[in-house]
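S.K.: give me a model of this one.
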Amino acid sequence: MGEVLRYTASKDATPATIDGFANFYFVTDSPGRKRALLEAGINAMAKVGAGDDVRRPAVMIRSSPWKAGSEQTPWHDVFDLDNGHVRYFGDHKAETTKPLGSTTGNAALLEAFDRHQAPTVAGRAAAAPLLLFRSVSRNGRVKGHVESCGVGLIERAERVVQWTGQAAATFTNYVFDLAVIDLSAEADKLDWDWISARRDPGYSDDDALDLAPATWREWVEHGHSALPRVRRRVARSRVVKVKDQRPAENSPLERELLEVYKRFDGDKHAFEALASAIAARVLRASGHNYIEEWLTRRSGDGGADFVGRLDLGSGLAGTKLVVLGQAKCIKPDSLVSAEQIARVVARLRRGWIGVYVTTGAYSEAAQLEMVEDQYPIVLINGQDLVKELREIAREDHGGDLLACVDHLLNNRTIEVLNRRPEETLLN
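M.R.: The predicted structure follows:
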């Protein structure tokens with residue numbers, strides 16, 4: 001994913017690199033088979049097999065952004081790889097006299113679409129993957145380089161009316177919405193042996209499937225219901241699995257987290273004071289000046305449990321940010337949902353940030369929504385909460401965690417007030 005390959009007119013598969021770039025023909029070489037090509041926008045590999053076992057190994061797609069809007073290519077393809085989506089226009093043009101859907105490229109994609117909609121595992125196992133590329137400029141060259149954009153399958157195909165621009169006319173074409181699958185299990189790389197196996201009639205569909213990316217195999221097994229799980233999402237790299245947010249079973253950290261939970265299970269308001277102290281420690285660790293302001297009253301807090309202020313810079317080169325905090329003392333094996341985080345975010349105004357502190361963990365869906373929607377909120381789970389408490393206990397309380405907790409509650413001056421959060425900016 002993202003690698004730029006040299007695509008030369010010579011089509012020589014011998015050198016591994018050309019001009020410092022990986023050679024497209026070298027990395028896509030299948031011994032004994034014809035060269036993989038990107039001469040057209042839609043390049044369907046020849047079918048292999050016989051009888052009912054015929055399959056198309058792959059359809060290779062190339063988008064040429066530099067042609068978009070021209071008389072030859074009046075459409076604009078959309079490549080949103082971070083969110084696993086490509087919108088790709090077919091090859092019907094204004095001057096085409098063939099019936100819609102019968103041009104070489106559209107026919108190949110419509111055939112692939114039928115396979116991608118197959119209701120059976122066997123039907124999907126034979127379906128052709130779409131190998132996605134887009135032309136890029138390098139070293140002043142408009143042509144001759146392509147970027148690998150991953151593996152896709154067709155979610156939807158629809159007819160659209162397009163405007164030809166200079167010709168001042170309209171025509172009908174197909175547009176295809178493609179789902180780009182996640183290759184993180186393969187370190188964002190595609191093993192060409194999978195395609196070579198699909199090109200070999202000696203390999204059954206199941207044999208070739210063994211070489212496919214993990215997400216492609218999951219899609220084959222479960223169909224389109226698996227798309228939310230297998231779609232490429234760059235945001236997922238910032239999502240921490242639930243099991244990694246929890247201490248190891250029967251570990252000292254797990255026992256200490258349970259002690260903290262039990263200590264505050266019947267006194268949730270006291271937990272808000274602890275959460276405020278831990279939030280302050282986490283935010284100060286980045287080197288910024290954070291000021292704890294006040295705790296909100298038990299009722300009518302409007303979704304905020306504590307308020308603070310983050311000071312960035314100084315004088316004319318400085319600014320102050322309101323920090324709105326939420327504290328949830330829940331069972332350590334419980335999860336905070338996306339809806340719970342969204343309620344805090346809904347309270348934030350421009351220039352405010354949120355902090356959510358819990359003894360539980362955050363669901364992966366909640367984290368993904370936070371990253372994708374760019375929520376300005378800091379998440380502190382139960383495991384991290386106890387780790388911070390451990391550090392404070394080692395520094396000042398001889399490692400006694402509960403003594404540290406009691407000190408944080410009884411020896412700090414943080415008031416319980418009924419004030420508007422923005423008032424902290426006046427201090």
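
S.K.: quick check: Glu39 vs Ala9, distance?
M.R.: For Glu39, the distance to Ala9 equals 10 Å [C-beta to C-beta, to the nearest Å]. The C-beta positions use only the backbone N, C-alpha and C, and glycine is treated the same way.

S.K.: any regions of this structure where pLDDT drops low?
M.R.: Filtered on pLDDT under 70, the chain yields the residue ranges 50-52, 66-75, 164-168, 235-237, 299-303.

S.K.: what are the ranges of the helices in the stretch 1-150 of the chain?
M.R.: Remark: helices assigned in the stretch 1-150 of the chain by DSSP state H, counting those that start in this stretch are 24-27, 104-116, 121-125.

S.K.: output those as TSV; include the columns mean neighbour count and distance to Asp406.
M.R.: Listed next are the helices of the stretch 1-150 of the chain as TSV, based on neighbours: other C-beta atoms under 10 Å; distance: least, C-beta to C-beta, whole Å:
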stretch	mean neighbour count	distance to Asp406
helix 24-27	20	63
helix 104-116	19	61
helix 121-125	16	59
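
S.K.: which one of the ones you listed lies nearest to Gly2?
M.R.: For Gly2, the closest of those is helix 24-27, at 13.9 Å, according to C-beta to C-beta.

S.K.: related to what we said a few turns ago, kindly reformat the helices of the stretch 1-150 of the chain as TSV containing distance to Tyr362.
M.R.: Converted to TSV, the helices of the stretch 1-150 of the chain look like this (distance: least, C-beta to C-beta, whole Å):
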stretch	distance to Tyr362
helix 24-27	39
helix 104-116	34
helix 121-125	33
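
S.K.: between those, which one is closest to Val146.
M.R.: Here helix 24-27 is closest among the helices of the stretch 1-150 of the chain (C-beta to C-beta), at 6.4 Å.

S.K.: and the closest one, what does it pack against?
M.R.: Packing contacts for helix 24-27, counted by 3 or more C-beta pairs under 8 Å, 6 or more residues apart in numbering; DSSP states H and E, involve strand 4-6.

S.K.: excluding residues flanking it in the chain, which one is nearest the most centrally placed residue in the chain?
M.R.: Nearest to the mean C-alpha position of the chain, by C-alpha atoms, centre = their mean, lies Arg233 at 2.1 Å. Distances taken as C-beta to C-beta, 6 or more residues apart in numbering place Gly84 nearest to Arg233, at 5.9 Å, with adjacent residues excluded.

S.K.: likewise for Arg229?
M.R.: Glu218 (6.8 Å).

S.K.: list the contacts of that neighbour.
M.R.: Applying C-beta atoms under 8 Å, 6 or more residues apart in numbering to Glu218 gives the contacts 226, 229-230.

S.K.: phi first, then psi, for the residue nearest to Arg233.
M.R.: Gly84 adopts backbone torsions of phi 60, psi 40, taken as degrees, to the nearest 10.

S.K.: next, count neighbours for it.
M.R.: Using other C-beta atoms under 10 Å, Gly84 has 21 neighbouring residues.

S.K.: burial of Ser363, as a residue count?
M.R.: Residues near Ser363, counting by other C-beta under 10 Å: 19.

S.K.: my guess is it meets Ser337, correct?
M.R.: Yes - the pair Ser363 and Ser337 passes the contact test of C-beta atoms under 8 Å, sitting 5.7 Å apart.

S.K.: what sits against Pro15?
M.R.: Counting by C-beta under 8 Å, 6+ apart, Pro15 makes contact with 23, 26.

S.K.: and it, how far from Phe24?
M.R.: In terms of C-beta to C-beta, Pro15 sits 11 Å off from Phe24.

S.K.: just the helices in the stretch 201-350 of the chain please.
M.R.: 205-209, 214-222, 227-230, 252-264, 268-284, 338-345.

S.K.: quick one: distance of the fifth one to the chain centre.
M.R.: Pointing back at helix 268-284 there. With C-alpha atoms, centre = their mean, to the nearest Å as the basis, helix 268-284 stands 30 Å off its chain's centre.
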